[in-house]
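Peer 1: Following is a predicted model, sequence given first.
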Amino acid sequence: MPTVLFVNACIRGRDSRTLALSERLLAQIREANEKDLAFRIEEIRLSTENLLPLNHERLQRREELLASGQHEDTMFDYANAVAQADMLVIAAPCWNMSFPAMLQIFFEAASVAGITYVCDADGTTRGLCRAQDMYYVTTSGGKAHNFGTDYIAALRRLYGIEKLHVVSAEGLDVENADVRAIIDAACSREFD
Ligand SMILES: Cc1cc2nc3c(=O)[nH]c(=O)nc-3n(C[C@H](O)[C@H](O)[C@H](O)COP(=O)(O)O)c2cc1C
């Protein structure tokens with residue numbers, strides 16, 4: 001399992017609890033693969049990327065590139081990285097009941113018909129991604145529903161990834177919360 005794609009949407013950087021939680025997971029994954037010399041973790045740190053949502057001009061360009069089969073254009077770098085990764089780890093705090101907008105822009109760029117999935121003639125979709133496992137690491141201040149999880153579960157189906165594992169620590173901003181204990185207790189569970 002050579003390449004783990006780590007999509008880091010922990011906007012607060014070193015102070016991020018979500019980043020701390022994802023670093024634990026990545027350490028476990030690294031340990032499980034320590035004998036594989038080809039193993040590597042490739043990080044895309046969204047807060048230092050030049051992420052732009054599709055506007056009229058960029059959408060037109062994207063459609064022209066796809067119509068002429070230019071899947072290697074840099075516009076599709078995120079889509080190709082997602083499609084070719086052997087495992088995906090997405091880390092994002094809960095913001096406004098979901099995840100930061102930067103991650104949505106990343107998914108917009110990464111979800112490309114012909115690269116990460118394909119649409120069949122009858123309208124059904126088939127995933128084209130190599131990964132079998134996707135992890136979603138998240139923390140939230142309260143305990144209300146995080147709709148980001150539902151969206152990411154739908155994405156893993158679109159991409160054709162077999163399993164979604166969620167690592168979530170909730171209630172971190174509740175008064176007197178024992179943040180360290182909550183993070184220590186967070187463990188991976190399969191989500192569908
Ligand atoms: C812009 C913003 C929006 C937030 N929205 C929510 C929310 O909808 N629900 C919630 O439980 N916590 C919310 N929080 C709190 C964060 O989810 C919580 O503090 C989280 O642990 C932050 O993760 P981090 O330490 O990795 O930055 C929000 C925080 C920020 C800064």
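Peer 2: Great, that's in hand.
Peer 1: for the protein, what spans make up the strands?
Peer 2: 3-8, 40-45, 87-91, 117-119, 125-127, 133-139, 163-169, 188-191 (DSSP state E).
Peer 1: By residue count, what's the longest helix in the chain?
Peer 2: Longest helix of the chain, by residue count under DSSP state H: helix 17-32.
Peer 1: mind saving the C-alpha coords of it as PDB?
Peer 2: Output of helix 17-32 as PDB, limited to C-alpha atoms (Å, rounded to 0.1, in the frame of the first residue of the first chain):
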ATOM      1  CA  ARG A  17      -7.000  19.300  17.700                       C
ATOM      2  CA  THR A  18      -8.100  17.700  14.500                       C
ATOM      3  CA  LEU A  19      -4.600  17.700  13.200                       C
ATOM      4  CA  ALA A  20      -3.400  16.200  16.500                       C
ATOM      5  CA  LEU A  21      -5.900  13.400  16.100                       C
ATOM      6  CA  SER A  22      -5.100  12.800  12.500                       C
ATOM      7  CA  GLU A  23      -1.300  12.600  13.300                       C
ATOM      8  CA  ARG A  24      -2.100   9.700  15.700                       C
ATOM      9  CA  LEU A  25      -3.900   7.900  12.900                       C
ATOM     10  CA  LEU A  26      -1.100   8.600  10.400                       C
ATOM     11  CA  ALA A  27       1.400   7.200  13.000                       C
ATOM     12  CA  GLN A  28      -0.600   4.000  13.200                       C
ATOM     13  CA  ILE A  29      -0.800   3.700   9.500                       C
ATOM     14  CA  ARG A  30       2.900   4.400   9.100                       C
ATOM     15  CA  GLU A  31       3.700   1.700  11.700                       C
ATOM     16  CA  ALA A  32       1.500  -0.800  10.000                       C
END
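Peer 1: what's it packed up against?
Peer 2: Taking 3 or more C-beta pairs under 8 Å, 6 or more residues apart in numbering; DSSP states H and E as contact, the helices and strands that helix 17-32 lies on are strand 3-8, strand 40-45, strand 87-91, strand 133-139, strand 163-169, helix 179-185. Any C-beta I mention is one placed from the backbone N, CA and C, and that applies to glycine too.
Peer 1: Can you lay out the ones you listed as JSON lines showing mean neighbour count, mean pLDDT and distance to the ligand?
Peer 2: Below are the helices and strands packed on helix 17-32 laid out as JSON lines (neighbours: other C-beta atoms under 10 Å; pLDDT from 0 to 100; distance: least, C-beta to the nearest ligand atom, whole Å):
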{"stretch": "strand 3-8", "mean neighbour count": "22", "mean pLDDT": "98", "distance to the ligand": "10"}
{"stretch": "strand 40-45", "mean neighbour count": "14", "mean pLDDT": "98", "distance to the ligand": "13"}
{"stretch": "strand 87-91", "mean neighbour count": "25", "mean pLDDT": "98", "distance to the ligand": "8"}
{"stretch": "strand 133-139", "mean neighbour count": "25", "mean pLDDT": "98", "distance to the ligand": "4"}
{"stretch": "strand 163-169", "mean neighbour count": "19", "mean pLDDT": "98", "distance to the ligand": "7"}
{"stretch": "helix 179-185", "mean neighbour count": "13", "mean pLDDT": "95", "distance to the ligand": "8"}
